[in-house]
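S.K.: Take a look and give me a structure for this.
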Amino acid sequence: MSRPPGRGSALTPDERHEIQRLGIVERCSIAEIARRTDRDRGTVAAVLQSGESQAFRQQFETDAREEILRLLRVSGPQAAREWVHAVTQAAKKGDHRPARDLLLHAGAIEPIDGTSPATRVAILIGTPEHPLNDLPPLILSRRSEDESQDDGHEPT
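M.R.: Down below sits the predicted model:
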């Protein structure tokens, strides 16, 4: 890029736009932009931090977000069909995480993460393959034997 000779020559509007394009659209580093435009890194940084560049960055990000949402709206039905197909294929392999994710994101179920006030615990006792033998009832205390032995108290 040619510019008027001399140290500290002013940026032309085209140079300023090129620096913004390289930094914001192409996401080049300041050093790379300085090399490509034959400008000092401090000058490049100042251009990218200017209010004009911040406004350009916001507009670019808004436009990109809108384009992404438009593409998702158009391809959403196909993506949903592929997700349902993936659920079926994964389930055949014993992996039910895609089904869980589909149900979670569709709002059909809520996550159980242990942080909600109503934490749920599922306890499975016996299965058809491994039935529970007839055992006398076992009373569990709130404290384990190990805890009670550590503090010198008898188990409750």
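
S.K.: Relative to Ala99, how far out is Ile109?
M.R.: Distance, Ile109 to Ala99, using C-beta to C-beta, to the nearest Å: 10 Å. The way it works is simple: take the backbone N, C-alpha and C, and place the C-beta from them, glycine included.

S.K.: neighbour-wise, which of those two wins?
M.R.: Comparing Ile109 with Ala99 by neighbour count (other C-beta atoms under 10 Å), the higher total belongs to Ala99, at 16 against 11.

S.K.: Skip the chain neighbours and tell me the closest residue to the more buried one.
M.R.: Of all residues not flanking Ala99 in the chain, Val87 sits nearest, at 4.7 Å (C-beta to C-beta, 6 or more residues apart in numbering).

S.K.: residue contacts, that neighbour?
M.R.: Listed by C-beta atoms under 8 Å, 6 or more residues apart in numbering, the contact partners of Val87 are Pro98, Ala99, Leu102.

S.K.: What about the residues you listed, which are in helices?
M.R.: Judged by DSSP state H, the subset of the contacts of Val87 located in helices is Pro98, Ala99, Leu102.

S.K.: Between these, which sits nearest Arg36?
M.R.: When the ones in helices among the contacts of Val87 are ranked by distance to Arg36 (C-beta to C-beta), Pro98 comes first, at 44.3 Å.

S.K.: Ala86 is in contact with the closest one, correct?
M.R.: Yes: with contact defined as C-beta atoms under 8 Å, Pro98 reaches Ala86; the gap is 5.2 Å.

S.K.: Only the buried residues of stretch 41-57, if you could.
M.R.: Buried residues in stretch 41-57, defined by neighbour count with 16 or more other C-beta atoms under 10 Å: Thr43, Val44, Val47, Leu48, Ser53, Phe56.
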